[in-house]
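Trainee: Here's my sequence, what's the structure:
(chains A, B and C)
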Amino acid sequence: MWYQKIITLPEFSRGYHLITDHIRKHLPPLPQTGIVNIFIQHTSAALAINENADPSVRRDFRQFIDHLIPDGDALFSHTLEGDDDMPAHIKSSLFGQSLVIPIVQGRLGLGTWQGIYLCEFRHYGGQRHLVITVWGE
Amino acid sequence: MWYQKIITLPEFSRGYHLITDHIRKHLPPLPQTGIVNIFIQHTSAALAINENADPSVRRDFRQFIDHLIPDGDALFSHTLEGDDDMPAHIKSSLFGQSLVIPIVQGRLGLGTWQGIYLCEFRHYGGQRHLVITVWGE
Amino acid sequence: MWYQKIITLPEFSRGYHLITDHIRKHLPPLPQTGIVNIFIQHTSAALAINENADPSVRRDFRQFIDHLIPDGDALFSHTLEGDDDMPAHIKSSLFGQSLVIPIVQGRLGLGTWQGIYLCEFRHYGGQRHLVITVWGE
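Mentor: Sure thing, here's the model as predicted:
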């Protein structure tokens, strides 16, 4: 069984956003055993899995990572598209653009505390496109 | 061919631990060509692939990453569960929770020096659950 | 449908290199829907997806990441193989060794600006081996 759908997320502000429900509503009836792959077609945003309950986790992600990889760092030469562009590229590759989540007994095999994050690294990133692919049996 | 098993690792101390043998003993007879996915159902630990020989590599991982993303950093507001909690969330998403390893001619296609690491970021992380999924032909 | 091939890249210098065309020429006719997995069998290099146009992005990656995880950092004890060895291990696990890219309507589902990077973290990393696996229908 294969299923694939390209979805467009609503525009999100810079930061880390829980999108598990956005994803779920585009999933087909899942096979008993299989995989869900979610792929973001952009180089200045990322997907991640992390804590799904306390919003302070998502705020701390932004605080800390923006401090670690700061806008306008003097080392950057690729600055034409703004101070937030090159840091966004670096964050995108460190977090990654492709999630591989097992399907366990017909359900997304996330742990109790795991949710799916859209990591939006640009101030005005616009709408982001995701490819959702499901396979299994 | 599909195979799936949820396993529970013994409790590991904070640090980076080689678990290739733990994984191998839960694998079925492998297909000729395929994929093994290993997924950790937690948000304060991670899976990684790295050097499988010298234990000093794993110690240096801990030294360096704990310095880069320090316990109790003043930027963190999510501190109720301890000074090691928020850094563990961040490390978890930077290292990642899902490994995708090819099966080559009926064997795990790891390079000579590659082993599978459990990255335990909490002082007392407890037992960690992994979903192992295998598919191929 | 399954396809697998192990390829050897030409030797690249330390830095970030666009290898999308190297990969494409080893792909079979792609299925309508499926996945391409590219796995690097090394612990001191990585694969990533990022901006495919302006070379300054790749230069800034090197500048910034080499500053964040510096050669010869005093925290490293695993130094026998050179000052660039332990940083290479750390970078390898932060960027990751395995790409999972959807196949959409018979083509690699990369976004307009996405290309595939070889991240070579050693001064003399030698030739790197990649396992390319394709499955779908």
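
Trainee: Excluding sequence neighbours, find me the nearest residue to A:H129.
Mentor: Nearest residue to A:H129, sequence neighbours excluded (Cβ to Cβ, 6 or more residues apart in numbering or on different chains): A:Q41, at 4.7 Å. Heads up, the C-betas are built off the backbone N, CA and C, glycines and all.

Trainee: burial of the one you found, as a residue count?
Mentor: By other Cβ atoms under 10 Å in any protein chain shown, 20 other residues sit near A:Q41.

Trainee: Is the longest helix that chain A contains in proximity to chain C?
Mentor: In chain A, assigned by DSSP state H, the helix with the most residues is helix A:55-68. Yes: residues of helix A:55-68 contacting chain C under Cβ under 8 Å from any Cβ of the partner chain: A:L68.

Trainee: Which strands or helices does that helix pack on?
Mentor: The elements that helix A:55-68 packs onto, with contact taken as 3 or more Cβ pairs under 8 Å, 6 or more residues apart in numbering or on different chains; DSSP states H and E, are strand A:15-18, strand A:45-51, strand A:114-120, helix B:85-95.

Trainee: Make a markdown table out of these and add mean pLDDT and mean neighbour count.
Mentor: Shown next, in a markdown table, are the helices and strands packed on helix A:55-68 (pLDDT from 0 to 100; neighbours: other Cβ atoms under 10 Å in any protein chain shown):
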| stretch | mean pLDDT | mean neighbour count |
| --- | --- | --- |
| strand A:15-18 | 98 | 18 |
| strand A:45-51 | 98 | 24 |
| strand A:114-120 | 98 | 24 |
| helix B:85-95 | 98 | 24 |
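
Trainee: between the ones you listed, which one is nearest to A:L30?
Mentor: strand A:114-120 (15.1 Å; Cβ to Cβ).

Trainee: Give me the helices and strands touching the closest one, please.
Mentor: strand A:15-18, helix A:20-24, strand A:45-51, helix A:55-68, helix A:85-95.

Trainee: Partner strands of it and their direction?
Mentor: strand A:15-18 (antiparallel), strand A:45-51 (antiparallel) (DSSP bridges).

Trainee: one step back: how far away is the residue nearest to A:H129 from chain B?
Mentor: 19 Å (Cβ to the nearest Cβ, to the nearest Å).

Trainee: picking up where we left off before, buried by neighbour count: which residues of the longest helix of chain A qualify?
Mentor: A:56-66, A:68 (16 or more other Cβ atoms under 10 Å in any protein chain shown).

Trainee: check contacts around the residue nearest the centre of chain A.
Mentor: Centrality entry for chain A: nearest residue to the mean C-alpha point is A:L47, 1.9 Å, by Cα atoms, centre = their mean. Applying Cβ atoms under 8 Å, 6 or more residues apart in numbering or on different chains, we find A:L47 in contact with A:38-40, A:95-99, A:116-119, A:130.

Trainee: Tell me the one of those residues nearest B:G106?
Mentor: The nearest one, if we look at the contacts of A:L47 relative to B:G106 and count by Cβ to Cβ, is A:S98, at 26.0 Å.

Trainee: State whether the closest one and A:F39 are indeed in contact, as I suppose.
Mentor: Yes: between A:S98 and A:F39 there is a contact under Cβ atoms under 8 Å: 4.8 Å.

Trainee: Find the residues that touch each one of these two.
Mentor: Residues touching both A:S98 and A:F39 by Cβ under 8 Å, 6+ apart: A:47, C:100-101.

Trainee: Tell me the residues of chain A that contact chain B?
Mentor: Counting by Cβ under 8 Å from any Cβ, the residues of chain A near chain B are A:33-35, A:48-51, A:54, A:56-57, A:59-61, A:63-65, A:67-68, A:94-96, A:99-102, A:104, A:109-114, A:117, A:136-137.

Trainee: Now the nearest residue to A:G126 once chain neighbours are set aside: which helix or strand?
Mentor: Nearest residue to A:G126, sequence neighbours excluded (Cβ to Cβ, 6+ apart): A:E11, at 6.0 Å. Following DSSP states H and E, one finds A:E11 outside all helices and strands.

Trainee: From A:R128, how far out is A:E11?
Mentor: Noted for A:E11: a distance of 8 Å to A:R128, by Cβ to Cβ, to the nearest Å.

Trainee: which one of the two has more residues nearby?
Mentor: Comparing A:E11 with A:R128 by other Cβ under 10 Å, the one with more neighbours is A:R128, at 22 against 11.

Trainee: okay, now the nearest residue to the more buried one once chain neighbours are set aside: neighbour count?
Mentor: With sequence-adjacent residues excluded and distances taken as Cβ to Cβ, 6+ apart, A:R128 is closest to A:L9, at 4.9 Å. Neighbourhood size, A:L9 [other Cβ under 10 Å]: 19.

Trainee: Just confirm A:L9 contacts A:D21, I think it does.
Mentor: No: using Cβ under 8 Å, A:L9 is not in contact with A:D21; the gap is 11.6 Å.

Trainee: what residues are up against A:M1?
Mentor: A:31, A:34, A:134-137.

Trainee: now with 7 Å?
Mentor: Applying Cβ atoms under 7 Å, 6 or more residues apart in numbering or on different chains to A:M1 gives the contacts A:31, A:135-137.

Trainee: For ChimeraX, write a command that selects the buried ones of those residues.
Mentor: If you want just the buried ones from these in ChimeraX, going by 16+ other Cβ under 10 Å, the selection is:
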select /A:31,135,136
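
Trainee: Secondary structure and pLDDT added to the contacts of A:M1, as JSON lines?
Mentor: Below are the contacts of A:M1 laid out as JSON lines (DSSP: H, G, I helix; E, B strand; the rest coil; pLDDT from 0 to 100):
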{"residue": "A:P31", "secondary structure": "coil", "pLDDT": "98"}
{"residue": "A:W135", "secondary structure": "strand", "pLDDT": "98"}
{"residue": "A:G136", "secondary structure": "strand", "pLDDT": "98"}
{"residue": "A:E137", "secondary structure": "coil", "pLDDT": "97"}
